[in-house]
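Asker: What shape does this take:
(4 chains)
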There are 2 protein chains.
Amino acid sequence: MLKNLPRYECLLEASKEFPDLDPSATEVFLHLLRTGDEAFRVVETHLASHDITQGGFGVLMALWGRCRGNQPGRDALSPAALAEHTGVTRATMTGLVDTLERDGLVRRHPDPADRRMVTVELTREGESLLERILPEHFRQMAWLMAPLTETERKTFVGLLAKLLQRAADPAEAPLATASTP
Amino acid sequence: MLKNLPRYECLLEASKEFPDLDPSATEVFLHLLRTGDEAFRVVETHLASHDITQGGFGVLMALWGRCRGNQPGRDALSPAALAEHTGVTRATMTGLVDTLERDGLVRRHPDPADRRMVTVELTREGESLLERILPEHFRQMAWLMAPLTETERKTFVGLLAKLLQRAADPAEAPLATASTP
DNA sequence: CCTTCATCGTTAGCCTCCTAATTATCCGCG
DNA sequence: CGCGGATAATTAGGAGGCTAACGATGAAGG
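Answerer: Residues are numbered from 1 along each chain as shown, chains lettered A, B, ... in the order given. I've put the predicted structure just below:
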């Protein structure tokens, strides 16, 4: 998102004016957002070359046997389950499934038991697209992470997990307590 | 983006089937994206409570004296410079400035020297909004990073920088070479 | 001078994503 | 049975993001 990461001296200077500004925290934060965004873009670019978006890819992956070969038969999920799984709202999922269905990668089936419900499943075409995309997708992640040793990766995931736990915490941020009330 | 991070055993199993899949690389990648996204959401939620979006906030920040108190007088930038600075296209910047101007946070001025150009500057209202938002914004970043020691932060930024360099590399990913040609 | 080319901002059309409201259906309770 | 409440998917309306194309202007060369 942010293209220009502020330089460190700059942060130090600004922190004089704002007592709430923690320079090292800000630096980590900006680097995290920037790197995440850039990594995102790398795979997004690849997916775009196959005319599929990140959102669509997420749906396809969710459909494609969670954990691969979990259950026999076709994998079919409701839009609600897909939304939950990929982290978007159900309204958004309607749009995503619309696009995927229009492109023939996915099919909607009415649920005979509960007529409110619908199940979404992969078509052959969707499956084959996925199998065409995945090897390169995996290669790309491996390439991206190549500069990190196995030890560094462990450390990294540990640090990310700490932040993730806090960021995803329902307790949320301290929106009241402050040094500037 | 991805809500359910695959468990490690699952990745190991899948890697049998896909020689290109590097489990630890995938794990790092998914954690990075997920954490970045979650951190993004935290500040986005805060900004939303002031009726401003991330994109708009970025523009305001860019306008608000890069590095704070850099130059005397008002800070004014062209849409192109803003787009460059915040990492969006010029077309998108037009829309962002439209919204900000409609909300009275920003003003467009024609450039007398070059009639193709326009300069964008902060209004008093925009400035005061920013000064109202920033303390809490800083506090939020500090809160988010609180679980990390100063040493961990240094390590973390180092790792992020390594990845960033690679991800932002114009050389891009190895889209040709592969074990599945 | 005038033609060509680069550059600026904007427009048009599309996709993703959101919230809120709508419609259809199921379920349980009197 | 019939009615209210929960839940499914969808629609409506808005915003940000992109690419591509456009109109206006400036700069440079013949």
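Asker: Next, the contact list for the residue of chain A found nearest DNA strand C, please.
Answerer: Of all residues in chain A, the one sitting closest to DNA strand C is A:Gly55 (2.5 Å; CB to the nearest atom of the strand). (C-beta placed from N, C-alpha, C; glycine too.) Shown in contact with A:Gly55 (CB atoms under 8 Å, 6 or more residues apart in numbering or on different chains): A:86, A:88, A:92, A:96.
Asker: again with A:Leu47
Answerer: Contacts of A:Leu47 by CB under 8 Å, 6+ apart are A:53-54, A:57, A:133, A:137.
Asker: hmm, try it at 6 Å
Answerer: When contacts are counted by CB atoms under 6 Å, 6 or more residues apart in numbering or on different chains, A:Leu47 touches A:Phe57.
Asker: So it: helix, strand or coil?
Answerer: For A:Leu47, the assignment made with DSSP: H, G, I helix; E, B strand; the rest coil gives helix.
Asker: ditto for the one 4 residues further on
Answerer: At A:Asp51, secondary structure determined by three-state DSSP is coil.
Asker: For the closest residue to chain B within chain A, which non-adjacent residue is closest in space?
Answerer: Residue nearest to chain B within chain A (CB to the nearest CB): A:Gly36, separated by 2.4 Å. In space, and not counting its chain neighbours, A:Gly36 is closest to B:Gly36: 2.4 Å by CB to CB, 6 or more residues apart in numbering or on different chains.
Asker: Report the contact partners of the one you found.
Answerer: Going by CB under 6 Å, 6+ apart, B:Gly36 touches A:32-33, A:36.
Asker: what about the nearest residue to A:Thr123 once chain neighbours are set aside, which helix or strand?
Answerer: Leaving aside its sequence neighbours, A:Thr123 sits nearest to A:Arg107 (CB to CB, 6+ apart; 5.4 Å). Using DSSP states H and E, A:Arg107 sits within strand A:106-110.
Asker: Do any residues in that strand lie close to DNA strand C?
Answerer: No - shown here: strand A:106-110 not in contact with DNA strand C (CB under 7 Å from any atom of the strand), separated by at least 9.4 Å.
Asker: what packs against that strand?
Answerer: Packed against strand A:106-110, as judged by 3 or more CB pairs under 6 Å, 6 or more residues apart in numbering or on different chains; DSSP states H and E, are the following elements: strand A:118-122.
Asker: Look up the closest residue to A:Val43, ignoring the ones flanking it.
Answerer: Spatial nearest neighbour of A:Val43, chain neighbours left out: A:Gln140 (5.9 Å); criterion: CB to CB, 6+ apart.
Asker: what does chain A put close to DNA strand D?
Answerer: Residues of chain A lying near DNA strand D by CB under 7 Å from any atom of the strand: A:1, A:78-80, A:90-91, A:93-95, A:97-98, A:108, A:116-118.
Asker: how about a cut-off of 6 Å?
Answerer: Residues of chain A lying near DNA strand D by CB under 6 Å from any atom of the strand: A:78-80, A:90-91, A:94, A:97, A:108, A:116-118.
Asker: out of those, which are buried?
Answerer: A:78-79, A:97, A:118 (16 or more other CB atoms under 10 Å in any protein chain shown).
Asker: can you tell me which of those lies nearest to B:Ala48?
Answerer: A:Pro79 (25.5 Å; CB to CB).
Asker: For the nearest residue to the closest one once chain neighbours are set aside, grab the count of nearby residues.
Answerer: Distance criterion CB to CB, 6+ apart; nearest residue to A:Pro79, sequence neighbours excluded, is A:Met93 at 4.7 Å. Other residues within reach of A:Met93, judged by other CB atoms under 10 Å in any protein chain shown, total 22.
Asker: A:Ser15 contacts A:Leu21, correct?
Answerer: Yes - using CB atoms under 6 Å, A:Ser15 makes contact with A:Leu21 at a distance of 4.3 Å.
Asker: more crowded one of these two?
Answerer: A:Leu21 (20 against 16).
Asker: which residues touch that one?
Answerer: A:14-15, B:138.
Asker: rerun that using 10 Å as the cut-off
Answerer: A:11-12, A:14-15, B:134-135, B:137-139, B:141-142 (CB atoms under 10 Å, 6 or more residues apart in numbering or on different chains).
Asker: cool, A:Leu164 as well?
Answerer: A:157, B:5, B:31-32, B:34-39.
Asker: Which SSE is immediately downstream of the helix or strand hosting A:Gly36?
Answerer: When secondary structure is defined by DSSP H and E, A:Gly36 falls within helix A:23-48. Note on helix A:23-48: by DSSP H and E, the next helix or strand toward the C-terminus is helix A:54-63.
Asker: which residues touch A:Leu100?
Answerer: Contact partners of A:Leu100, counting by CB under 10 Å, 6+ apart, are A:52-53, A:55-57, A:59-60, A:63, A:106-108, A:120, A:122-123, A:126.
Asker: Please save the CA atoms from the one helix or strand it maps to in CSV.
Answerer: Here A:Leu100, judged by DSSP H and E, is contained in helix A:90-102. Extracted in CSV, the C-alpha atoms of helix A:90-102 (Å, rounded to 0.1, in the frame of the first residue of the first chain):
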residue,chain,number,x,y,z
ARG,A,90,-21.7,-13.9,1.9
ALA,A,91,-22.8,-11.0,-0.4
THR,A,92,-19.3,-10.9,-1.8
MET,A,93,-19.3,-14.7,-2.3
THR,A,94,-22.5,-14.4,-4.4
GLY,A,95,-20.5,-12.2,-6.8
LEU,A,96,-17.5,-14.3,-6.8
VAL,A,97,-19.5,-17.5,-7.5
ASP,A,98,-21.4,-15.5,-10.2
THR,A,99,-18.1,-14.7,-12.0
LEU,A,100,-16.7,-18.2,-11.6
GLU,A,101,-19.9,-19.8,-12.8
ARG,A,102,-20.0,-17.5,-15.8
